[in-house]
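# predicted structure and sequence below. I'll ask about it afterward.
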2 protein chains.
Amino acid sequence: LCHAPRKMTTSQDQSSYRASITADIEAHLKQAIPLKSPLSVYAPMHHMTFSAPPNPAPALCVAACELVGGDRSKAMAAASALHLMHAASFTHEHLPLTDRPKPKPKPKPTVDHPFNPNIELLIPDAMVPFAYELSAVSDDPTQDTSGRVLRVIVELARVMGSQGIVDAQYREVLVSPLDGRELNDIEWVDDMCRRKEGRLHACAAACGAILGGANEEEVERLRKYGLYVGIMQGYTNRLGRRVKELERVVELRNLAMKELDHFKGRKVEEISSFIVGL
Amino acid sequence: LCHAPRKMTTSQDQSSYRASITADIEAHLKQAIPLKSPLSVYAPMHHMTFSAPPNPAPALCVAACELVGGDRSKAMAAASALHLMHAASFTHEHLPLTDRPKPKPKPKPTVDHPFNPNIELLIPDAMVPFAYELSAVSDDPTQDTSGRVLRVIVELARVMGSQGIVDAQYREVLVSPLDGRELNDIEWVDDMCRRKEGRLHACAAACGAILGGANEEEVERLRKYGLYVGIMQGYTNRLGRRVKELERVVELRNLAMKELDHFKGRKVEEISSFIVGL
């Protein structure tokens, strides 16, 4: 099967599909984290939640749920949790520590520190438990879906922890400067993209599938789809838009499309917007 | 009802009851967090988990479960999660930040920093998700207890978050120096004990009760018992052993014992060791 000839432009419909999911997640989060009193607590939480750089993983979670026939509302709590975890980990990653190695010359977004480090340390510590709370309370006991919700909590916990994002941050912050490895070491970049963005998007797609009622094969196919989407996203985050032409990225795109073949006749156009948009 | 004449000494049996729970929790955690390769990741996690100062909340969780007739194994994951959350929050509380206010002259334990701040920031970020993972995977789908496990995850999330421990840390670190309030302001101390140790122990006892299959009245009575135990613990943490004689602490002890009256004929002696030992 050759996927190269497929149209790789983002149609108006695909863009608006992703935009509508993103708007729904934002509305869900705004309702969950109101800008209420005491403002000294809620203002930083609000700020850190909504000023984190965009990340496609939460929307991918919802798209995977809809692809397997689940209602969008079923994935909304997990998608919001993914965004909170992303925002919390982004904040800690940019915390000014006394011995933080000097930033490497990366195409990273410039980060403002409108709050002092104590707040930037504490507030994400509150956001992460809130992510699990949102997920756990989303269970509707009348629907007999507690098992799915618990499974998603395990997925969310594993993707953040010492086998997940923290492992990647650890390698990125501490291991890489010691090794003298840099962005021109493509093997190292690929490994980081897989460990960080890859794992996060794989988890997001799998969670959406689980909550949408997918069978095991569908969950694993969507997990793989998410992995490829995430690695591509990782390349974009590290190397910018020019990655489109990289042989490796073309290969990842084809691998991702191949997983979607299984879902023919369903909302494939919609979920494929996560790769054609890259 | 007057509880003052009750014997307030810790018997050999009571001490060994708490010690046996503590040993079981430690064994559970050691099995969950092995000192395995890569040591650069697992050694700090291991160190931070097992070097945090002792905290009675995890053992209280198990005692509450047993008091209502639940098997000890049912509460082991939640107790381990409580310890991980305590250890993670203790580590972040002692992180050397660039603008951390100078430590106040408190009877706080001296804290070594054997790892650099990046590790001390990242590893607790991994420990907290692991706490939720342990809780979520402890569910036995054949036992129809998913609802209880999800409820406990919500309890654990809330007690850590912006309405829980983080709120207390926030007030302690940032609000108190601004107010010029100190340890001789007994109203402020009481409020902090309630918000921090009080909430944690109330949550621990309630979680144990839920997992042990308690009814709603039992859960709420044990939550109150935990609250009083926690406030007393807070006084001890802040003011040392001399608190025993404080009028307020005597009052808290009586309030705590009163909640246990409801459980006559059950393992009351065992769980009351959490107050007579103070």
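Cool, got the structure.
# only C-alpha atoms from now on, for both contacts and neighbour counts.
Noted.
# which residues touch whichever strand or helix holds A:S16?
Here A:S16, judged by DSSP states H and E, is contained in helix A:12-32. With contact meaning CA atoms under 8 Å, 6 or more residues apart in numbering or on different chains, helix A:12-32 is reached by A:P58, A:A59, A:V62, A:A63, A:M76, A:A77, A:A79, A:S80, A:E269, A:E270, A:S273.
# neighbour-wise, which of those leads?
Ranked by the number of neighbours (other CA atoms under 10 Å in any protein chain shown), these place A:V62 first, at 34 neighbours.
# going C-terminal from the helix or strand containing that residue, what's the next secondary structure element?
Assigned by DSSP H and E, A:V62 belongs to helix A:57-67. Per DSSP H and E, the first helix or strand lying C-terminal to helix A:57-67 is helix A:72-93.
# show me what the helix or strand just after that following helix is packed against.
Scanning forward in sequence from helix A:72-93 by DSSP H and E, the next helix or strand is helix A:117-137. Other elements packing on helix A:117-137 under the criterion 3 or more CA pairs under 8 Å, 6 or more residues apart in numbering or on different chains; DSSP states H and E are helix A:39-51, helix A:72-93, helix A:146-160, helix B:146-160, helix B:165-170.
# among these, which comes closest to A:I33?
A:I33 sits nearest to helix A:39-51 of all the helices and strands packed on helix A:117-137, at 6.6 Å, using CA to CA.
# pull out the buried positions in that closest one.
Residues of helix A:39-51 classed as buried by neighbour count (16 or more other CA atoms under 10 Å in any protein chain shown): A:V41, A:Y42, A:A43, A:P44, A:M45, A:H46, A:M48, A:T49, A:F50.
# quick one: mean pLDDT for it?
For helix A:39-51, the mean per-residue pLDDT is 84.
# kindly report the same for stretch A:94-113.
Mean predicted confidence for stretch A:94-113 is 56.
# any idea how far apart the tips of it sit?
End-to-end span of stretch A:94-113 (CA to CA, to the nearest Å): 9 Å.
# ditto for stretch A:190-202
15 Å.
# tell me the mean pLDDT for the helix holding A:S16?
On average, helix A:12-32 scores 89.
# in that helix, what's buried?
Quick answer for helix A:12-32 (16+ other CA under 10 Å): A:Q14, A:Y17, A:R18, A:I21, A:T22, A:D24, A:I25, A:E26, A:H28, A:L29.
# before we move on, back to that, as a markdown table, the buried residues of helix A:39-51 with distance to chain B would be great.
What follows is the buried residues of helix A:39-51, written out as a markdown table (distance: CA to the nearest CA, whole Å):
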| residue | distance to chain B |
| --- | --- |
| A:V41 | 8 |
| A:Y42 | 9 |
| A:A43 | 12 |
| A:P44 | 11 |
| A:M45 | 9 |
| A:H46 | 12 |
| A:M48 | 14 |
| A:T49 | 14 |
| A:F50 | 17 |
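# determine the number of other residues adjacent to the residue of the stretch 151-278 of chain A found nearest chain B.
Per CA to the nearest CA, A:G161 is where the stretch 151-278 of chain A lies closest to chain B, at 4.1 Å. By other CA under 10 Å, 23 other residues sit near A:G161.
# and for the one 4 residues further on?
Close neighbours of A:I165, defined as other CA under 10 Å, add up to 25.
# got the contact list for it?
A:V159, A:R195, A:K196, A:R199, A:L200.
# who wins on neighbours among these?
Going by other CA under 10 Å, A:L200 tops the contacts of A:I165 with 32 neighbours.
# got the contact list for the residue lying closest to that residue once chain neighbours are set aside?
The shortest distance from A:L200 to any non-neighbouring residue, by CA to CA, 6 or more residues apart in numbering or on different chains, is to A:V159 (6.2 Å). A:V159 makes contact with A:I165, A:R199, A:L200, A:C203, according to CA under 8 Å, 6+ apart.
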